[in-house]
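Novice: Okay, here's the prediction I keep looking at, along with the sequence it came from:
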Protein chains: 2
Amino acid sequence: MELLRSARPHPKEKLKNVIEWFHWLLREAELYDVRYPVKGAYVWRPYGMKLRRNVEELIRRVHDETGHEEVLFPVFIPYEFFGKESQHIRGFEKEVFWVSKGGEGGERLVLRPTSETAIMPMVKLWIQDYKDLPLRLYQIVSVFRAETKMTHPMIRLREISMFKEAHTVHVDREDAERQVREAVEIYKRIFDEMCLAYMINKRPDWDKFAGAEYTIAFDTVLPDGRTLQIGTAHYLGTNFTRVFEVTYLDADGTRKLAHTTSYGISERSIAAMLITHGDDGGTTLPPKLAPIQIAVVPIYYSDEEMPLVMKFVEEVVAALKGAGLRLHVDDRRDKTPGWKFYYWELKGVPLRLEVGKRDVEKRQVVVTRRDTLEKYAVALGELVDAVRELMKAVEDNLRRRAWEELRSKIVKVQSLEEAKKAIKEGKVVEVPWSGDNQCGMKIQELLGADALGIPMDSEASIGGYDARDLACGERRAELWLRLSERY
Amino acid sequence: MELLRSARPHPKEKLKNVIEWFHWLLREAELYDVRYPVKGAYVWRPYGMKLRRNVEELIRRVHDETGHEEVLFPVFIPYEFFGKESQHIRGFEKEVFWVSKGGEGGERLVLRPTSETAIMPMVKLWIQDYKDLPLRLYQIVSVFRAETKMTHPMIRLREISMFKEAHTVHVDREDAERQVREAVEIYKRIFDEMCLAYMINKRPDWDKFAGAEYTIAFDTVLPDGRTLQIGTAHYLGTNFTRVFEVTYLDADGTRKLAHTTSYGISERSIAAMLITHGDDGGTTLPPKLAPIQIAVVPIYYSDEEMPLVMKFVEEVVAALKGAGLRLHVDDRRDKTPGWKFYYWELKGVPLRLEVGKRDVEKRQVVVTRRDTLEKYAVALGELVDAVRELMKAVEDNLRRRAWEELRSKIVKVQSLEEAKKAIKEGKVVEVPWSGDNQCGMKIQELLGADALGIPMDSEASIGGYDARDLACGERRAELWLRLSERY
């Protein structure tokens, strides 16, 4: 493998206008269609669907390997159940869709916005004693939220169509909280494979999941500096088990209330992946998840050259397919090589192989990395190894770049002026906070930004020195509070 | 491999009361829970979900291999679109669910009962010219029908949660009708792998899909003689393309209306599979689709025997796993071997392996086929081959039995009395029919049975001799009309 020339990757200028760029990518890469005539509901096109299915398989694999079992619950929840947990209904009732049959009274049903209240009454039937616990269930389904805010494709939806929701049941608080920590590890594994960078934040009380004791969230930072929540894990205590009477017989012969958790991720993670690895030429897909890992572009300038080139391409294809790689030969005759390069770069295919007459003579191919646009000459004999190595390099580079970018966006600030300036510059700020909810909400107001919560991925405690709460100057600051503009 | 003893398979007495037996199976085999508190909406439990996912993968594989692309459309359809095709809305409007947001007017949305009217407006945007055709899309989704009839688990649902709907677009009638025939071949492949037997019937005009030119249906016969529709394929002509203005630029430079088809199957096919291969001991799953293909039951009668047996079991497991077989070792210590045999037979695991002390000494295992309950002694060295052979034998036997059963249920009759008697005995009858719709509906009435339509899998034409229409004696019969009681 010989580096033919280093190259400048595509710039990221247009990407700064994230939503506009994202619309462009979804349309041009034929991933997703935003023209469906219902607010907040969109269409997954075949190429997007293939990518999504690879992500779903990743999600399933990680959940299956960690003792979760897949189930499928109905989309309808009787209002009677939906309304049982008072915080839950208060949080969700404004954004729930109601279902009715034309002209009929009958049952009062809602479309699930999340499935705690569908799952609890069944779990109650399935659990007898402590040996049935922990119970770890998950499903990948559509959930529905009547968003009144502006909707965005794949990001803010009325039908979230790839909601992976896990629901777990435990003997006590300790085991449930252990599960929340495991959920965090599970999401790390998933996001790491997607080459995403993320903060882990314990949401402030006023922004936790409706019905939770506390919520831990994964937030990523988009190129415009606004953050995007890409996953949450909730410790639900006995809030749901109490009202649904989910109890178990303990080893000591007494009946006890179970403790539950829930945690979810959605197609937002795919949006984050497309945007994080995006540039003005399109995007780069992490090789393990790319529907097509290698686009092969035969290059010939006459009908005489064609059979020669195509015969060698067949050898190349046989070698790569034999190694289990996903590739596509772009043999369209009405498109130029340059057009094809543009096309596959747009679609984020991690590696491009060019085969021209000169390459055939040398029994080599030219491999281009999508992320850096670097070109390598590779002999056929070492192609499979080189491709594997380059795919690994692309993956590592995507992840490294994402983390560099994220880390560069987080700043600790001590004064209101600094904080405002940093927010304006598209940063995530960490400011001193007393821990008091009123003060925290006041900090939000003063900065015109949203609190993401307390860092779980770095030191949350302010430590020894005497800092003051950013909003309540009379109070000593105990914690760092992260804030940003949010999607 | 030595046949130790032939055996009598489980009887099929209880199975004659199909629905009651099916409730029993779903509950006892922990496949599906019917206790969810919404009419016609049920819960897939982990074991059922694993089976379902194998069936989904089969469906995806066959569609992908035949040029279909997976997509995902929203569940909401604007009423404006849903109502465009007059026959379609007439057929579906009574059983459609409406969606509203609490207290809000706004868009009038329905939950899709099927997606023709969601897909057409997008397909219109995607198709430019004849080179974009044929277009073959499919999705596996939930669809919703406000059934007023009695609902049955997995069979008659208000949320059909595994609706595979394919939608295809073609240049002309000829190509669209070719696609309908291909859909029939696709469904044959799927049902053949599920070891199902089926009739293929062209539905009478009065029972075709709302909006179709004609409908071809797959019907299977359940043990009580009632038939179950397990798949349909529709030629839709230009009925939908006309109202949605789906046109393409043809090679001759003129704009033409496209022709479309749609075809669907659902979790009903899984219900049919569980019931067809059912007996009073549970069911037998086709080995290729079974989540667990082999249940291994170690047998020991003392703590001294245990390590000896378990060590040999490890060798057995290593051999089978190395061959890519899906197996489970049931090493529960609080259950007897007999209890475990019953348990795995219930769940339909195709092969059971017993390993006792005597087997360890002989370095053999005892293999029991679920379908016949025949037992074989197999030496460890030939285990993998024997297991493969026996799985193939189970599969072939399930399919053969299903077809024998189905064929034995179809009878040609010429008189009203014979026909009534046969229907009463749980048969599918073929009676002489003129082809006139009024006469056909009268035949239905006279027999108290439903017309399945004209056979597509055997000679539909009556041929030379002078038969009379069963209801309209003054008319000469041209065709055989199939009728049965139906689910």
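Specialist: Sure, I can see it.
Novice: and the residue of the stretch 301-450 of chain A nearest chain B?
Specialist: Taking C-beta to the nearest C-beta, chain B has its nearest neighbour within the stretch 301-450 of chain A at A:Asp334, 9.8 Å off. Just so you know, the C-beta spots here come from the backbone N, C-alpha and C atoms, and that holds for glycine as well.
Novice: so who does the residue nearest to A:Glu245 when sequence neighbours are not counted touch?
Specialist: Nearest non-adjacent residue to A:Glu245, counting by C-beta to C-beta, 6 or more residues apart in numbering or on different chains: A:Lys124, 6.3 Å away. Shown in contact with A:Lys124 (C-beta atoms under 8 Å, 6 or more residues apart in numbering or on different chains): A:Phe244, A:Glu245, A:Val246, A:Thr247.
Novice: do stretch A:158-176 and chain B meet?
Specialist: Yes - for stretch A:158-176, a contact with chain B is found by C-beta under 8 Å from any C-beta of the partner chain, at A:Arg158, A:Glu159, A:Ser161.
Novice: The second one against B:Phe76, yeah?
Specialist: Just to be clear, that refers to A:Glu159. Yes - at 6.6 Å, A:Glu159 and B:Phe76 qualify as touching, with contact defined as C-beta atoms under 8 Å.
Novice: So for these two, which residues contact both of them?
Specialist: With C-beta under 8 Å, 6+ apart as the test, A:Glu159 and B:Phe76 both reach A:Ala41.
Novice: So if I had to pick from the two, which one is more boxed in?
Specialist: The residue with more neighbours, out of A:Glu159 and B:Phe76, is B:Phe76; 24 against 21, by other C-beta atoms under 10 Å in any protein chain shown.
Novice: Name the residues linked to the more buried one by a beta bridge.
Specialist: Here B:Phe76 sits in beta bridges with B:Leu111, as judged by DSSP bridges.
Novice: ok, the residues of stretch A:158-176 next to chain B vs B:Glu345, which is closest?
Specialist: A:Ser161 (38.7 Å; C-beta to C-beta).
Novice: Near that closest one, how many residues? Count them for me, please.
Specialist: Per other C-beta under 10 Å, the neighbour tally for A:Ser161 reads 23.
Novice: got it, and the one 10 residues further on?
Specialist: A:Val171 is surrounded by 19 other residues when neighbours are defined as other C-beta under 10 Å.
Novice: Which residue ranges of the stretch 1-150 of chain A form strands?
Specialist: Along the stretch 1-150 of chain A, the stretches classed as strands by DSSP state E, counting those that start in this stretch are A:2-5, A:32-33, A:43-44, A:69-70, A:76-78, A:97-101, A:109-111, A:135-144.
Novice: got those as TSV, with mean pLDDT columns?
Specialist: Conversion of the strands of the stretch 1-150 of chain A to TSV gives the following (pLDDT from 0 to 100):
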stretch	mean pLDDT
strand A:2-5	83
strand A:32-33	98
strand A:43-44	98
strand A:69-70	98
strand A:76-78	96
strand A:97-101	88
strand A:109-111	94
strand A:135-144	98
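Novice: With distance to B:Lys208 added, can I get those strands in JSON lines?
Specialist: Shown next, in JSON lines, are the strands of the stretch 1-150 of chain A (distance: least, C-beta to C-beta, whole Å):
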{"stretch": "strand A:2-5", "distance to B:Lys208": "62"}
{"stretch": "strand A:32-33", "distance to B:Lys208": "31"}
{"stretch": "strand A:43-44", "distance to B:Lys208": "28"}
{"stretch": "strand A:69-70", "distance to B:Lys208": "36"}
{"stretch": "strand A:76-78", "distance to B:Lys208": "29"}
{"stretch": "strand A:97-101", "distance to B:Lys208": "24"}
{"stretch": "strand A:109-111", "distance to B:Lys208": "31"}
{"stretch": "strand A:135-144", "distance to B:Lys208": "30"}
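Novice: how much space between A:Glu65 and A:Leu58?
Specialist: Using C-beta to C-beta, to the nearest Å, we find A:Glu65 at a distance of 11 Å from A:Leu58.
Novice: Comparing the two, which residue is more hemmed in?
Specialist: A:Leu58 (18 against 10).
Novice: Relative to its centre, which residue of chain A is most distant?
Specialist: Largest separation from the mean C-alpha position in chain A: A:Glu304, at 48.4 Å (C-alpha atoms, centre = their mean).
Novice: after the helix or strand containing A:Cys439, next one along is what?
Specialist: Using DSSP states H and E, the element containing A:Cys439 is helix A:437-447. The helix or strand immediately downstream of helix A:437-447 is strand A:450-455, counting by DSSP H and E.
Novice: ok now that next one, how far from the chain's centre?
Specialist: Offset of strand A:450-455 from its chain centre (C-alpha atoms, centre = their mean, to the nearest Å): 18 Å.
Novice: by how many degrees do whatever helix or strand comes next after that strand and strand A:450-455 diverge?
Specialist: Sequence order places strand A:479-484 as the next helix or strand after strand A:450-455, per DSSP H and E. Relative orientation of strand A:479-484 versus strand A:450-455 (axes from the mean of the first three to the mean of the last three C-alpha atoms, to 10 degrees): 140 degrees.
Novice: rewinding a little: around the residue of the stretch 301-450 of chain A closest to chain B, how many other residues sit close by?
Specialist: 6.
Novice: so which helix or strand takes in it?
Specialist: Going by DSSP H and E, A:Asp334 is not in any helix or strand.
Novice: Understood, closing this out.
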